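**Student:** sequence first, predicted model second:
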Amino acid sequence: MTGRESLPLKRLKLFQPLNRLTDDQLVLLANRAERRRHSPGQRVLERGVRDGLDYYLVGGAVELKSGDGRTNRIVADSDKALNAIARLQPRMYDVIAVEACEFLVIEQDILNQMLRSAPVLEADLDGMVDDRPDDSEEHRLLMEFYAELRSNQVSLPSVPDVAWKVRRAADREDTTAEEIASAVTADPSIAAKLVRACNSPLYRGFNDVRNVREAVVRLGTRTTRQLVTVFSMREVFKSKQPALQKSMDELWRHSRDVASLCWVLADNATRVNPEEALLAGLLHDIGAIPVLVHAEHHANLHQNPALLDHAVTELRPDVGAAILETWGFPATFVGAARHAEDWMHESNQDLPQLVDIVIVAQLHAMIGGSQNADLPRFEDVPAYRRLGGLELNASRSLKLLTEARARVDEVHRLLSIH
């Protein structure tokens with residue numbers, strides 16, 4: 001069922017990137033968009049189709065099903081419903097209504113045209129935004145770049161093959177250690193890293209393990225899956241272009257620092273699995289990779305460090321979330337990538353989440369790297385208050401990480417295994 005009934009502007013501004021548009025643009029967009037309703041069990045979108053439309057869930061709930069059978073439920077008004085559903089094209093999921101649901105459907109071309117002329121966000125990076133007129137070359141370039149990312153003209157990185165195979169094997173209830181070990185040994189480099197990690201001080205038992213199967217048995221399925229993904233991520237931060245590789249190396253070093261702090265914080269201050277926290281820290285900036293790669297095709301953007309940094313800052317959360325959604329990561333990882341530098345983000349869960357650990361680790365990494373300008377006070381950050389097991393504050397959390405320096409260094413070494 002379709003219609004032209006429009007949503008109020010206040011509701012439209014909840015969706016991303018519609019919140020970048022002016023009120024006048026939103027009025028025009030609402031008049032051009034459609035409202036579509038679907039009954040329970042009805043197919044909304046089909047995997048493999050390229051239709052040029054964005055579907056925003058405004059009511060009800062849907063289930064996304066990937067080609068390998070993985071499913072993901074999305075409910076209206078939840079964090080996962082803030083972006084268009086299964087937005088990458090061709091579609092990577094079948095989308096089925098699990099209850100009566102309603103969508104706002106927008107043509108991507110229309111939205112991208114509006115985004116190109118939308119004002120840049122008001123965040124003032126050293127005066128760069130406020131002093132630039134809306135019709136300037138820099139403004140048009142940034143909006144064009146954003147539209148290209150949203151309309152899938154930019155290639156997102158693929159999950160490394162070995163990580164994909166191990167995650168699929170580990171997700172099966174009847175998988176044996178031999179089967180998981182076989183998937184790992186398909187990549188000799190990753191297999192060697194896993195054995196060396198298992199013999200490191202972080203995981204070492206009474207005796208050293210001698211092969212991948214023994215490592216899988218000692219670590220367990222869950223830890224093996226997370227560590228294989230961690231080790232394979234290094235390849236995602238690679239480029240054949242020297243100038244771009246320099247940026248990738250800096251990004252990797254920062255991600256590695258945050259990941260190490262995440263491991264220690266999770267292990268000491270929460271019940272969150274340390275390996276999951278490690279992986280979330282390593283992936284929190286992954287949205288910057290497509291931005292940096294694609295910036296090579298925009299000479300003016302690539303040669304302007306301030307504008308490029310602005311583009312990365314603005315686009316990284318949405319792009320990172322899109323990558324992790326495409327890779328089939330749980331919503332907790334997607335949320336951590338989307339809100340990693342949203343200091344005032346406050347989860348609606350009772351217990352500390354991955355995003356809380358990543359935010360706190362980010363703050364520590366920035367302070368440790370003398371990047372503490374304009375950072376909020378620790379006590380003002382909701383993520384700090386949520387890590388309540390140790391009643392963390394500025395001095396206690398810094399003391400914790402100072403005392404755990406040896407463990408942070410050990411995680412560093414784990415991520416630097418060649």
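**Tutor:** Good, I have the coordinates. None of the values given here were measured: they were computed from a predicted structure.

**Student:** okay, domains of the protein per the record?
**Tutor:** Taking automatic domain parsing as the reference, the chain has its domains at 2-111, 157-232.

**Student:** including mean pLDDT, distance to Asp356 and mean neighbour count, could these go into TSV?
**Tutor:** Quick note: C-beta positions are derived from backbone N, CA and C, even for glycine. Shown next, in TSV, are those (pLDDT from 0 to 100; distance: least, CB to CB, whole Å; neighbours: other CB atoms under 10 Å):
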stretch	mean pLDDT	distance to Asp356	mean neighbour count
domain 2-111	85	14	17
domain 157-232	86	18	18
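
**Student:** out of these, which gets nearest to Leu414?
**Tutor:** Judged by CB to CB, the one of the domains of the chain that comes nearest to Leu414 is domain 157-232, at 5.5 Å.

**Student:** what's the neighbour count on Ala306?
**Tutor:** 12 (other CB atoms under 10 Å).

**Student:** just say helix, strand or coil for it.
**Tutor:** The three-state label for Ala306, taken from DSSP: H, G, I helix; E, B strand; the rest coil, comes out as helix.

**Student:** ok, now Val49?
**Tutor:** With three-state DSSP as the criterion, Val49 reads coil.

**Student:** out of everything not next to it in sequence, what's closest to it?
**Tutor:** Distance criterion CB to CB, 6 or more residues apart in numbering; nearest residue to Val49, sequence neighbours excluded, is Arg91 at 5.1 Å.

**Student:** need the contact list for the one you found.
**Tutor:** Taking CB atoms under 8 Å, 6 or more residues apart in numbering, we find Arg91 in contact with Leu45, Glu46, Arg47, Gly48, Val49, Arg50, Asp51.

**Student:** what about it, which SS state?
**Tutor:** Secondary structure state of Arg91, per three-state DSSP, is coil.

**Student:** now the longest helix along the chain: mean pLDDT?
**Tutor:** Looking only at the chain and at elements set by DSSP state H, the helix with the highest residue count is helix 242-269. With pLDDT averaged residue by residue, helix 242-269 scores 85.

**Student:** kindly report the same for stretch 309-328.
**Tutor:** Summarised as a single mean, pLDDT over stretch 309-328 is 81.

**Student:** chain center to it, what's the gap?
**Tutor:** Going by CA atoms, centre = their mean, to the nearest Å, the spacing between the C-alpha centre of stretch 309-328 and its chain's C-alpha centre is 6 Å.

**Student:** in the protein, which spans are strands?
**Tutor:** Using DSSP state E, the strands of the chain run over residues 2-3, 34-38, 43-45, 53-59, 61-65, 71-75, 94-97, 101-107.

**Student:** out of those strands, which comes closest to Leu251?
**Tutor:** In this view, the strands of the chain are compared for proximity to Leu251 by CB to CB, and strand 71-75 is the closest at 27.4 Å.

**Student:** just want the angle from the closest one to strand 101-107.
**Tutor:** Calculated by axes from the mean of the first three to the mean of the last three CA atoms, to 10 degrees, strand 71-75 forms an angle of 90 degrees with strand 101-107.

**Student:** could you list the paired strands of strand 71-75 along with their orientation?
**Tutor:** Based on DSSP bridges, the strands next to strand 71-75 in the sheet, each with its direction, are strand 61-65 (antiparallel).

**Student:** measure how the strand it pairs with sits relative to strand 34-38, angle-wise.
**Tutor:** Going by the same axes, to 10 degrees, strand 61-65 is angled at 80 degrees with respect to strand 34-38.

**Student:** ok, and what's touching strand 61-65?
**Tutor:** If you take CB under 8 Å, 6+ apart as the criterion, strand 61-65 is touched by 44, 47, 71-76, 85-86, 93-99, 101.

**Student:** follow-up on the earlier one: and of the strands of the chain, who's closest to Ser255?
**Tutor:** strand 71-75 (24.7 Å).

**Student:** please work out which residues outside the closest one touch it.
**Tutor:** Residues external to strand 71-75 that are found in contact with it (CB under 8 Å, 6+ apart): 57, 60-65, 80-81, 85, 93, 98, 328, 331.

**Student:** got it, and stretch 26-45?
**Tutor:** Residues outside stretch 26-45 that contact it (CB under 8 Å, 6+ apart) are 1-7, 9, 12-13, 18, 21, 55, 58, 60, 62, 85-86, 91, 93-107, 110-111, 114.

**Student:** return the residues in contact with the nearest residue to Glu346 once chain neighbours are set aside.
**Tutor:** Take Glu346 and drop its neighbours on the chain: the residue closest to it by CB to CB, 6+ apart is Pro382, 4.0 Å away. Each residue near Pro382 by CB under 8 Å, 6+ apart is listed here: Met344, His345, Glu346, Ser347, Asp356.
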